[in-house]
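Would you be able to build a 3D model of this:
(2 chains)
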2 protein chains.
Amino acid sequence: MADLGALGEFGLIERIVARLGEAAARDILVPPGDDAAAWRHRGAVTVVTTDALVEGVHWRSRTGARGEPPTMTWADAGWRAIASNVSDIAAMGASPDFAVVSAVLGEHVDLEALDGLVEGMAAACLAHGVRIAGGDVDRGTETVLAVTLIGHAEGGTLLRRDTARLDDFIAVSGHPGSSAAGLALIEAGRGAEAGAHDLVAAHRRPRARVELGRAALDASLRCGIDVSDGLLQDLGHIAERSHIGIEIDAERLPLYPAAVALLGRERAVDLALGGGEAYELALAGPEERLRALSTAALPVTLIGRVVAAHPGEAWALDAYGRRYEPRSAGWDHFASPGDATG
Amino acid sequence: MADLGALGEFGLIERIVARLGEAAARDILVPPGDDAAAWRHRGAVTVVTTDALVEGVHWRSRTGARGEPPTMTWADAGWRAIASNVSDIAAMGASPDFAVVSAVLGEHVDLEALDGLVEGMAAACLAHGVRIAGGDVDRGTETVLAVTLIGHAEGGTLLRRDTARLDDFIAVSGHPGSSAAGLALIEAGRGAEAGAHDLVAAHRRPRARVELGRAALDASLRCGIDVSDGLLQDLGHIAERSHIGIEIDAERLPLYPAAVALLGRERAVDLALGGGEAYELALAGPEERLRALSTAALPVTLIGRVVAAHPGEAWALDAYGRRYEPRSAGWDHFASPGDATG
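Numbers count the residues shown, from 1 in each chain, chains lettered A, B, ... in the order given. Below is the predicted model of the structure:
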């Protein structure tokens, strides 16, 4: 698959959309390329996203071929399959309503594993105000959980990737990198260490930021994305679609203290910049509106600015104002071509 | 996976829905268990279905491990992934609008294969009045095309599985079994024989019956299903949900002449009763309304009746009124747990 890899994940998506020609919906309220697609029907705005979890790529519930430890239970995988899609709806400032699930069950999936998957999905649905409206079950060699989440937007205003403006500030919710730190600890066999619990939970049972997305819209913010590929890469999507540059201050990253304590500051910074699947929201807008969103339950931290320089690129700067290059680039789902829902 | 297999495909779905508890949407316009789910939002009715095509299970674009011939090109697989979902929307009498696609690309998928997939999807979208609003691309060991199709219903009346009434007649569109006959010829290396072309095309480029579904609703019909698992099995779904029995006359099946000529009458009957993925519509309702649907372009043939006997079961009867047991049971996607979208 060398030639697909050479295209890169977003080159691949662009190629697909280009080749779809007239079959791509370019004139809807939010066409392909944002966190979710959106269109109007009789005055109501429907918001839809789809995202698949692939066993062995996004998670392991069994010991890997080279002895790698399981990263989560089947129930956790079920939870994540729902939460990752809710996160895309949250990133639009929309409200999730219904999910449909296409599940391909690997040959090794037994009733206990299936019940776990369903239990985790049900728990995530209840936690996020979603219900499952239908689905499809097939067999295959590996397990794939393809979830489509359908929601709605009141009024029809949405948080988009292409609406950052010069001199906007950049903020992020929670503690980006927590999920990646949890995964790093699990992979290193350190998931049970003192202090690791919250990080491991951030990886296995992430909460999508639905209320924050709606609050951001209510506060007249218009630009946001969920941190699914890695903070720097996701801010890069905003930079590219908004035709502006973004600079964030690596010193200001709201690192989770346990991530620093257990993995060291440098690694924690790298995971905060490049680690994916945090499902926090990154927002762009006027400083005071961003600050007003912060609550005790979910801090929102200002980490950077929109700039005229290097349009289309998001840079992290170190304490001396030099460009900081994380050693690990954006989360690539162990080597995944990418996501272009919406 | 013995215990999953023992449950059977519909037992599995029932178990999943039961275990979803409050997370299953039971109070929407059409809850899980029909061809598609449907709900109202601000007076508009949204109809949603999801269906996955799994490489090696639903199709082969490469020679199989035991030398089995490819059953279709990548472009054909892309077409089918869209058409199978459009068919579920058609079976509700609804109109398809937008698709989102979660594609897991196997390691062997190169750019040419991917372009083929996309081209086939685009062609099916244009043929069925659908546009792609978004998607997600991942890598895996086998290719999975999970499509979700979202449509709408004018008025909010839908063709359902649970609305067959005693003394209704049963009709089917087109020539059920054509797709299965095409597949049988391909598998036997006979796909290029004289007369096989239309059958092979029925397998590789099936057309969903959107206009017929809408026409059925317009004609005040209320009960329909698409023939995806096999005619007898799909009529069994109507029998079960409507709490009635169904008897069809095997002699009246509208067999495609080439299927009889190339495979023999007995095999053609079996494939018409048990062969899946035909994407024809089976309808229940008053005789004259069903007859009025038939056109030169798409015949609709009366094949049976709703009866009070054997509620929950659809039977085929032979020329002597004896129950006819096809040698091949319902299409099982080479061994697939099943479908419960809606």
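
need the helices for chain A, in chain order.
Taking DSSP state H as the test, the helices found in chain A are A:2-7, A:9-20, A:74-90, A:111-128, A:178-187, A:197-204, A:210-218, A:231-242, A:257-263, A:265-274, A:287-292.

out of the ones you listed, which comes closest to A:Thr63?
helix A:178-187 (12.3 Å; Cβ to Cβ). Glycine gets a C-beta too; all of them are placed from N, C-alpha and C.

Neighbours of A:Glu187, how many?
Applying other Cβ atoms under 10 Å in any protein chain shown, we find 14 residues neighbouring A:Glu187.

ok, now which ones touch it?
A:68-69, A:71 (Cβ atoms under 8 Å, 6 or more residues apart in numbering or on different chains).

again with A:Ile16
A:340, B:114, B:118, B:135, B:137.

Now for the second one: which residues touch it?
If I follow you right, that is B:Leu114. Each residue near B:Leu114 by Cβ under 8 Å, 6+ apart is listed here: A:4, A:12, A:15-16, B:74, B:105.

Taking these, please make a ChimeraX selection of just the buried ones.
Buried members of the contacts of B:Leu114, identified by 16 or more other Cβ atoms under 10 Å in any protein chain shown, are gathered into one ChimeraX selection as follows:
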select /A:4,12,15,16 /B:74,105
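
Turn the contacts of B:Leu114 into a markdown table, columns for pLDDT and distance to A:Ala90.
Formatted as a markdown table, the contacts of B:Leu114 follow (pLDDT from 0 to 100; distance: Cβ to Cβ, whole Å):
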| residue | pLDDT | distance to A:Ala90 |
| --- | --- | --- |
| A:Leu4 | 77 | 30 |
| A:Leu12 | 80 | 25 |
| A:Arg15 | 86 | 28 |
| A:Ile16 | 86 | 25 |
| B:Trp74 | 97 | 35 |
| B:Leu105 | 94 | 27 |
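
Which one of the contacts of B:Leu114 is nearest to B:Ala268?
Nearest to B:Ala268 among those, counting by Cβ to Cβ, is B:Trp74 at 29.3 Å.

Quick check: closest non-adjacent residue to that closest one.
B:Gly116 (3.4 Å; Cβ to Cβ, 6 or more residues apart in numbering or on different chains).

Hmm, that neighbour is touching B:Met72, no?
No: when contacts are counted by Cβ atoms under 8 Å, B:Gly116 is not listed as touching B:Met72 (10.3 Å).

what about A:Asp110, how many neighbours?
15.

hmm, I was thinking of A:Asp249
17.

Roughly how far does it sit from A:Ala6?
34 Å (Cβ to Cβ, to the nearest Å).

same deal with A:Val227?
Taking Cβ to Cβ, one finds A:Val227 at 26 Å from A:Ala6.

so where's chain A uncertain?
Within chain A, the stretches with pLDDT under 70 are A:1-2, A:328-342.

residue contacts, A:Ala215?
By Cβ under 8 Å, 6+ apart, the neighbours of A:Ala215 are A:Leu293.

picking up where we left off before, between A:Val227 and A:Ala6, which one's more packed in?
Neighbour totals were compared for A:Val227 and A:Ala6, and A:Val227 leads with 29 against 10 (other Cβ under 10 Å).

Cross-check the contact I'm expecting between the more buried one and A:Ala282.
Yes: here A:Val227 reaches A:Ala282: they are 5.7 Å apart, a contact under Cβ under 8 Å.

Check the contact lists of those two and give me the overlap.
A:172, A:234.

Domain-wise, how is chain A divided?
A:49-152, A:169-324 (automatic domain parsing).

didn't A:Leu29 look like it was pressed against A:Gly155?
No: when contacts are counted by Cβ under 8 Å, A:Leu29 is not listed as touching A:Gly155 (11.5 Å).

Those two: which has the busier surroundings?
Each of A:Leu29 and A:Gly155 has its neighbours counted (other Cβ under 10 Å); A:Leu29 has more, 18 against 8.

Return the distance of the residue nearest the centre of chain A relative to chain B.
In chain A, the C-alpha nearest the mean C-alpha coordinate belongs to A:Ser228, at 2.3 Å (Cα atoms, centre = their mean). Shown here: A:Ser228 relative to chain B, a distance of 10 Å by Cβ to the nearest Cβ, to the nearest Å.

In TSV, list the contacts of B:Leu114 along with distance to B:Ala272.
Below are the contacts of B:Leu114 laid out as TSV (distance: Cβ to Cβ, whole Å):
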residue	distance to B:Ala272
A:Leu4	41
A:Leu12	41
A:Arg15	41
A:Ile16	37
B:Trp74	29
B:Leu105	35
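
between the contacts of B:Leu114, which is nearest A:Val269?
A:Leu12 (29.1 Å).

rewinding a little: right, and out of the contacts of B:Leu114, which lies closest to B:Glu22?
B:Leu105 (35.7 Å).

just checking, that closest one touches A:Gly5?
No: applying Cβ under 8 Å, one finds B:Leu105 not in contact with A:Gly5, separated by 10.9 Å.

what number of residues lie near A:Gly312?
Counted with other Cβ under 10 Å, A:Gly312 comes out at 15.

Please disregard the earlier target; I meant A:Leu20.
A:Leu20: 22 surrounding residues under other Cβ under 10 Å.

hang on, the earlier thing: among the contacts of A:Ile16, give me the pair with the biggest separation.
Put simply, by Cβ to Cβ the two of the contacts of A:Ile16 set farthest apart are A:Ala340 and B:Leu114, 13.7 Å from each other.

what's the closest non-adjacent residue to the residue sitting furthest away from the middle of chain A?
Within chain A, A:Arg42 marks the point farthest from the mean C-alpha position, 30.3 Å out by Cα atoms, centre = their mean. In this structure, A:Arg42 finds its nearest non-sequential neighbour in B:Ala44, 4.2 Å apart by Cβ to Cβ, 6+ apart.

Just list whatever residues bridge to the one you found.
Beta-bridge pairing of B:Ala44 under DSSP bridges involves B:His41.

The one 5 residues further on too?
For B:Thr49, the beta-bridge assignment (DSSP bridges) gives partners B:Leu149.

from memory it sits against B:Leu149, does it?
Yes: using Cβ under 8 Å, B:Thr49 is in contact with B:Leu149, at 5.4 Å.

Now do the shared contacts for the two.
Common neighbours of B:Thr49 and B:Leu149, counting by Cβ under 8 Å, 6+ apart, are B:36, B:85, B:88-89.

Show me which of these is closest to chain A.
B:Ala36 (6.9 Å; Cβ to the nearest Cβ).

residue contacts, that closest one?
Going by Cβ under 8 Å, 6+ apart, B:Ala36 touches A:134, B:30, B:47-49, B:88-89, B:91-92, B:94, B:149, B:151, B:341-342.

Please report phi then psi for it.
phi -150, psi 160 (degrees, to the nearest 10).

In this structure A:Pro254 contacts A:Ala171, no?
No: applying Cβ under 8 Å, one finds A:Pro254 not in contact with A:Ala171, separated by 9.7 Å.

So which of those two has more stuff around it?
A:Ala171 (27 against 19).

list the contacts for that one?
Taking Cβ under 8 Å, 6+ apart, we find A:Ala171 in contact with A:282-285, A:290-291, A:293, A:300-303.

re the thing from before, which of B:Thr49 and B:Leu149 has more neighbours?
B:Thr49 (35 against 30).

mind checking the end-to-end distance for stretch A:59-67?
Stretch A:59-67 has an end-to-end distance of 14 Å (Cα to Cα, to the nearest Å).

how about it against chain B, any contact?
No: counting by Cβ under 8 Å from any Cβ of the partner chain, chain B has no neighbours in stretch A:59-67; the shortest distance is 11.5 Å.

before we move on, back to that, want to throw the contacts of B:Ala36 into TSV with distance to B:Arg165?
Shown next, in TSV, are the contacts of B:Ala36 (distance: Cβ to Cβ, whole Å):
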residue	distance to B:Arg165
A:Gly134	25
B:Val30	18
B:Val47	23
B:Val48	27
B:Thr49	25
B:Asp88	23
B:Ile89	24
B:Ala91	18
B:Met92	18
B:Ala94	22
B:Leu149	29
B:Gly151	26
B:Thr341	24
B:Gly342	21
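
Show me which of those are buried.
A:134, B:30, B:47-49, B:88-89, B:91-92, B:94, B:149, B:151, B:341-342.
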